[in-house]
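> below are the sequence and a predicted model for it; my questions follow.
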Amino acid sequence: MTETTPSKLCDTPRNAVGRVGVLDISARLFREQGYGAVSLRKIAGAAGIKAASIYYHFGSKDEIVVAVLDRGIRVVHDSMRQAVSALPENTGAEAILRTAIQAHLRALLDLSDYTSANVRIFGQVPQPVRDANLPLRRAYEAEWDALLTRLRDDGALKRDVDIRRLRLMLIGALNATLDWFDPDRGSADALSRSYADVFLNGILQRQDT
């Protein structure tokens, strides 16, 4: 862990940024600059408070990071689960998958600095921080595995599809859009449609023989 507090006994911050405000600012900084470049002093400066005031809410930089990572997973997980749950009971497999893909991308690209920060810094943080976030990450992966398994069992997916590998490929491709997505050149919804077309229909032109 890094930048641990010398004492929990500090005065209440005069600035009303609060715990949520510190997290919001931290998520934006981590998304923009990565884990290593962001210090408690930099977070405090962006929040307009003294660095010592952060210790009123958090014991260390990595305690903030865990909270940012956890919220990032919750945002995208809730978005995907709610979008799929809202579909009519008789919705077909293609519409279900398109909805799940769209919800994941919108949460990642449009809705929250937390989701973007989670993807961008997870591989940069110390192992104890990753370990603290893993239960929520595993729960989201299990949500996808359950969805894909249900579709396979219903006959909508090929019987020999490896669910874990399919999920890793799908989520990995969606998360990688953070490196190049430009909202000025198209929306997250348009991108989700393009990705869904490729995943569901392939890229090769079928020719009758």
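Good, I have the coordinates.
> give me the distance between residue 202 and residue 41.
As judged by C-beta to C-beta, to the nearest Å, residue 202 and residue 41 stand 51 Å apart. Every residue, glycine included, has its C-beta placed from N, CA and C.
> comparing the two, which residue is more hemmed in?
residue 41 (13 against 9; other C-beta atoms under 10 Å).
> helix or strand for the more buried one, which one?
Under the criterion of DSSP states H and E, residue 41 resides in helix 40-47.
> same thing with residue 96?
Here residue 96 is assigned to helix 93-106, by DSSP H and E.
> which parts of that helix are buried?
93, 96-106 (16 or more other C-beta atoms under 10 Å).
> could you do stretch 171-183 as well?
171, 174-175, 177, 181.
> what is the helix holding residue 96 packed up against?
helix 61-85, helix 127-153, helix 163-175, helix 188-201 (3 or more C-beta pairs under 8 Å, 6 or more residues apart in numbering; DSSP states H and E).
> what about that helix, distance to the chain center?
Distance, stretch centre to chain centre, for helix 93-106: 15 Å (C-alpha atoms, centre = their mean, to the nearest Å).
> ok and that helix relative to helix 188-201, angle-wise?
Angle, helix 93-106 to helix 188-201, by axes from the mean of the first three to the mean of the last three C-alpha atoms, to 10 degrees: 140 degrees.
> with just CA atoms, put helix 93-106 into CSV.
Backbone C-alpha positions of helix 93-106 (Å, rounded to 0.1, in the frame of the first residue of the first chain) are rendered in CSV as follows:
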residue,chain,number,x,y,z
ALA,A,93,-30.9,-14.4,-28.1
GLU,A,94,-29.6,-11.9,-30.6
ALA,A,95,-31.6,-9.0,-29.0
ILE,A,96,-30.4,-10.1,-25.5
LEU,A,97,-26.8,-10.1,-26.5
ARG,A,98,-27.1,-6.8,-28.4
THR,A,99,-28.6,-5.3,-25.2
ALA,A,100,-25.9,-6.6,-23.0
ILE,A,101,-23.2,-5.4,-25.3
GLN,A,102,-24.8,-1.9,-25.5
ALA,A,103,-25.2,-1.6,-21.8
HIS,A,104,-21.6,-2.5,-21.1
LEU,A,105,-20.3,-0.1,-23.7
ARG,A,106,-22.5,2.8,-22.6
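> relative to helix 61-85, how tilted is that helix?
Going by the same axes, to 10 degrees, helix 93-106 makes 150 degrees with helix 61-85.
> so which of the helices and strands packed on helix 93-106 gets nearest residue 37?
helix 61-85 (11.7 Å; C-beta to C-beta).
> just checking, what packs against that closest one?
Checking 3+ C-beta pairs under 8 Å, 6+ apart, helix 61-85 ends up next to helix 18-33, helix 40-47, helix 93-106, helix 113-121, helix 127-153.
> 10 Å - rerun?
helix 18-33, helix 40-47, helix 51-54, helix 93-106, helix 113-121, helix 127-153, helix 163-175 (3 or more C-beta pairs under 10 Å, 6 or more residues apart in numbering; DSSP states H and E).
> most tightly packed of the ones you listed?
Compared across the helices and strands packed on helix 61-85, helix 113-121 shows the largest average neighbour count, a mean of 24 (mean count of other C-beta atoms under 10 Å).
> now the angle from that one to helix 61-85?
Using the same axes, to 10 degrees, helix 113-121 lies at 110 degrees relative to helix 61-85.
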